[in-house]
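Visitor: Here is my input; please provide its structure:
(one chain, ligands or ions: 1)
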Amino acid sequence: MDKLLIQGGIRLSGEIRIAGAKNSALPILAATLLTTDTVQVRNLPHLYDITTMLELLGCMGIEHVVDAKLNVDISSSSIKHCSAPYDLVKTMRASILVLGPLLAHFGKAEVALPGGCAIGSRPVNLHISALQKMGADIVVEDGYIKASVDGRLKGCHIFMDMCTVTGTENILMAATLAIGQTVIENAAREPEVVDLANCLIAMGADIKGAGTDTIVINGKDRLHGCSYAVMPDRIETGTYLIAAAATRGRIKCKDTRPDTLDAVLSKLQEAGADISVGEDWIELDMHGRRPKAVSVRTAPYPAFPTDMQAQFTALNAIATGTGSIIETVFENRFMHVQEMNRMGANMVVQGNTVIVTGVPVLKGAPVMATDLRASASLVIAGLVGDNETLIDRIYHIDRGYECIEEKMQSLGAIIRRIHS
Ligand code: EPU
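Guide: Next up is the predicted model:
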């Protein structure tokens, strides 16, 4: 298993280009199942999760073609069967995103039921009950969600009990080919939902209200192909900004979307960062100052994202003062805390809150990555360590951060991958 070795103590400085958003690219790849025409997806990030999604489509018989500019052309016309096997679903829960499109377009789907994961139990009951309400016949047996529909799904009024991102995306995709109108209430408002909706609209779907809590979809008989560029990754952007802030450095993130990062940028300003933005760039400068601790409370968009919580915990670890981090979305997303305490941080977990009192410097140590965003927070902790940090199990990081060591190196970090 590969490891990352980081020599801390360097101020990050320089410019990087932000990749396409993982959590937007995954549903968009699943949406290619809604038409037999060719869909071209541009600005796909080079990530392990994207490879897994392409592999999942491949095992259904769907080929993809990559052109010289790394755009991917996909057509579901060669589909042989409509199933997502456990071997792939267990490595990537987002595989559940093929359920809605398969059912809506091909009338059947068998998708392995995702289990719990390192950050929480993460059930998919709301995906299933909404599709049942649209007329799907669904049983869960032998570890699989087995779904079919007689004819087409039927549009209806769906109230989501909880705000769920992939749940909203699954129903949104299914509704584009349903008979009549579907209204999704308490829909997730994440920018990735809007990006998916924009891709579906480019494929001919009739969707209004994406980005609000009520999405209205008028089903169409068929969708067609299109060429669509995935939006920039707001979580990758935020992670590099925080890394620069923690190291008292200066960074410019290019090809990003500042308008999707309001909650994060305002917390960085509270931490003492000087921030300027343009239409597609963000610049952060700490002017060499130590950050101030900030308190955050995670919640669905547009509030502070759970996917940035671990990184702010790392920032607070070396800040002046005390900050509290409250996690309201997932029940077990503090696995990074004990690892940072091993590096000399002063953090106490109380229920869904971690109280962090900043220390002047962390001590490098061997640590273990437990999930994607926790791994990113350990990289930040390593960058502010006073000697070497060795991060084990970094396959988690490769799922969601494109070429992290190259990008960090280009900002001056001393970081290298150790293959073992
Ligand atoms: N929930 C249910 N029942 C459901 C669906 C969700 O109880 O049927 C609960 C979950 O257990 C959780 C809450 O609702 O407590 C919100 O979960 P959500 O469904 O929104 O999460 P998700 O769709 O599985 C996506 C991202 C996550 C991100 C969350 C929250 C993708 C592929 N994944 O997950 O991204 O943390 O939304 O914003 O879009 C990551 O990139 O590291 C990551 C984990």
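
Visitor: What is the neighbour count of G107?
Guide: Neighbour count of G107, defined by other Cβ atoms under 10 Å: 16. Placement of C-beta: from N, CA and C, glycine included.

Visitor: residue contacts, the nearest residue to it once chain neighbours are set aside?
Guide: In space, and not counting its chain neighbours, G107 is closest to V149: 5.3 Å by Cβ to Cβ, 6 or more residues apart in numbering. Counting by Cβ atoms under 8 Å, 6 or more residues apart in numbering, V149 touches L103, G107, K108, M134, G135, A136, D137.

Visitor: what's the closest non-adjacent residue to the residue in the stretch 251-400 of the chain that the ligand sits nearest to?
Guide: Using Cβ to the nearest ligand atom, the single residue of the stretch 251-400 of the chain nearest to the ligand is L372, 4.2 Å away. Of all residues not flanking L372 in the chain, G400 sits nearest, at 4.5 Å (Cβ to Cβ, 6+ apart).

Visitor: Check the gap between that neighbour and G382 for me.
Guide: Noted for G400: a distance of 17 Å to G382, by Cβ to Cβ, to the nearest Å.

Visitor: re earlier: which residues sit in contact with the residue nearest to L372?
Guide: For G400, the contact set (Cβ under 8 Å, 6+ apart) comprises K22, L47, Y48, D49, I235, E236, L372, R373, A376.

Visitor: how about it, secondary structure?
Guide: Of the three states, G400 takes coil according to DSSP: H, G, I helix; E, B strand; the rest coil.

Visitor: which residues in the stretch 301-420 of the chain form strands?
Guide: Here the stretch 301-420 of the chain has its strands, by DSSP state E, counting those that start in this stretch, at 322-326, 346-350, 353-357, 366-368, 388-392, 414-418.

Visitor: what angle do the second one and strand 353-357 make?
Guide: Just to be clear, that refers to strand 346-350. Between strand 346-350 and strand 353-357, the angle comes out at 160 degrees (axes from the mean of the first three to the mean of the last three Cα atoms, to 10 degrees).

Visitor: what does the stretch 201-350 of the chain have sitting close to the ligand?
Guide: T306, D307, V329, F330 (Cβ under 6 Å from any ligand atom).

Visitor: Show the model's pLDDT score for the residue nearest to L372.
Guide: Per-residue confidence (pLDDT) for G400: 94.

Visitor: C82 and I62 touch, don't they?
Guide: No. Using Cβ atoms under 8 Å, C82 and I62 do not qualify as a contacting pair, with a distance of 10.7 Å.

Visitor: would JSON lines of the contacts of V149 with pLDDT and secondary structure be doable?
Guide: Shown next, in JSON lines, are those (pLDDT from 0 to 100; DSSP: H, G, I helix; E, B strand; the rest coil):
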{"residue": "L103", "pLDDT": "98", "secondary structure": "helix"}
{"residue": "G107", "pLDDT": "98", "secondary structure": "coil"}
{"residue": "K108", "pLDDT": "98", "secondary structure": "strand"}
{"residue": "M134", "pLDDT": "98", "secondary structure": "coil"}
{"residue": "G135", "pLDDT": "98", "secondary structure": "coil"}
{"residue": "A136", "pLDDT": "98", "secondary structure": "coil"}
{"residue": "D137", "pLDDT": "98", "secondary structure": "strand"}
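
Visitor: Between all of those residues, which two are at the greatest distance?
Guide: Pairwise distances across those peak at 14.2 Å for K108 and M134 (criterion: Cβ to Cβ).

Visitor: These two - which one has more neighbours?
Guide: Taking neighbours as other Cβ under 10 Å, K108 and M134 compare with M134 leading, 24 against 16.

Visitor: how many neighbours does the closest residue to the more buried one other than its chain neighbours have?
Guide: Spatial nearest neighbour of M134, excluding adjacent residues (Cβ to Cβ, 6+ apart): L153 at 4.2 Å. Per other Cβ under 10 Å, the neighbour tally for L153 reads 26.

Visitor: With H419 instead?
Guide: Residues lying near H419 (other Cβ under 10 Å) number 6.

Visitor: list the contacts for the closest residue to it other than its chain neighbours?
Guide: Leaving aside its sequence neighbours, H419 sits nearest to D2 (Cβ to Cβ, 6+ apart; 5.6 Å). By Cβ under 8 Å, 6+ apart, the residues touching D2 are I394, Y395, D398, R417, I418, H419, S420.

Visitor: looking at those, which has the most residues close by?
Guide: Going by other Cβ under 10 Å, I394 tops these with 23 neighbours.

Visitor: Show me the two of the residues of the stretch 201-350 of the chain next to the ligand that sit farthest apart.
Guide: D307 and F330 (9.9 Å).

Visitor: So is the lowest-mean-pLDDT helix or strand in the chain next to the ligand?
Guide: Least confident helix or strand of the chain, by mean pLDDT, DSSP states H and E, is helix 395-398 with a mean of 92. No. Helix 395-398 lies out of reach of the ligand by Cβ under 6 Å from any ligand atom, never closer than 9.1 Å.

Visitor: Give me the helices and strands touching that helix, please.
Guide: On a contact count with 3 or more Cβ pairs under 8 Å, 6 or more residues apart in numbering; DSSP states H and E, helix 395-398 meets helix 372-383.

Visitor: next helix or strand past the helix or strand where L241 lies?
Guide: Using DSSP states H and E, L241 falls within helix 234-246. Downstream of helix 234-246, the next assigned helix or strand under DSSP H and E is strand 250-254.

Visitor: which regions of the stretch 1-150 of the chain lie under the pLDDT threshold?
Guide: Counting by pLDDT under 70, the stretch 1-150 of the chain contains no low-confidence range.

Visitor: Within range of the ligand, give me the residues from it.
Guide: Residues of the stretch 1-150 of the chain lying near the ligand by Cβ under 6 Å from any ligand atom: N23, L26, A94, G120, R122, P123, V124, N125, L126, H127.

Visitor: still on that earlier bit, buried among the contacts of G400? Need that as a selection in PyMOL.
Guide: Written as a PyMOL command, the selection of buried residues from the contacts of G400, which uses 16 or more other Cβ atoms under 10 Å, is:
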select buried, resi 22+47+48+49+235+236+372+373+376
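
Visitor: need the contacts of G400 in CSV with distance to P291, can you?
Guide: Conversion of those to CSV gives the following (distance: Cβ to Cβ, whole Å):
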residue, distance to P291
K22, 26
L47, 28
Y48, 31
D49, 30
I235, 19
E236, 20
L372, 23
R373, 19
A376, 17
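
Visitor: Understood, closing this out.
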